[in-house]
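Chemist: Need the 3D shape of this:
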Amino acid sequence: MGKHKNHKRGNLLPFATIEAAARGDVTAINQVLKHYEGYVIALSTKRLFDERGKPYMVVDTEMRRTLETTLITRILQFDVRRAA
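Modeler: Next up is the predicted model:
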């Protein structure tokens, strides 16, 4: 799997955002989702083929929503005390 732009050093989410998201702050959760949006889209992209056999890429919206839901669930389960 290739490098993702959010994995570059210095492009990390602030701990305060993670902490707020783990407490259920909707704005912070949305910031986390936005931070990982490109990665989620990359993971949910599929190659399909048209009637001539030519490949094209499409985002599987069901997979994308599943990944986003899983991320939200994990955010809310995150134990900030153990990470600090």
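
Chemist: how near is the residue positioned nearest the centre of the chain to residue 54?
Modeler: In the chain, the centroid-proximal residue (C-alpha atoms, centre = their mean) is residue 36; its distance is 3.5 Å. Using C-beta to C-beta, to the nearest Å, residue 36 is found at 31 Å from residue 54. (Each C-beta comes from the backbone N, C-alpha and C, glycine too.)

Chemist: try residue 45
Modeler: 17 Å.

Chemist: Looking at these two, which is more packed in?
Modeler: The neighbour comparison of residue 45 against residue 54 (other C-beta atoms under 10 Å) goes to residue 45, with 13 against 8.

Chemist: now the worst-scoring helix or strand of the chain on mean pLDDT: how far from the chain's centre is it?
Modeler: In the chain, no helix or strand scores lower on mean pLDDT, DSSP states H and E than helix 80-83, which sits at a mean of 84. Mean-position distance between helix 80-83 and its chain equals 21 Å (C-alpha atoms, centre = their mean, to the nearest Å).
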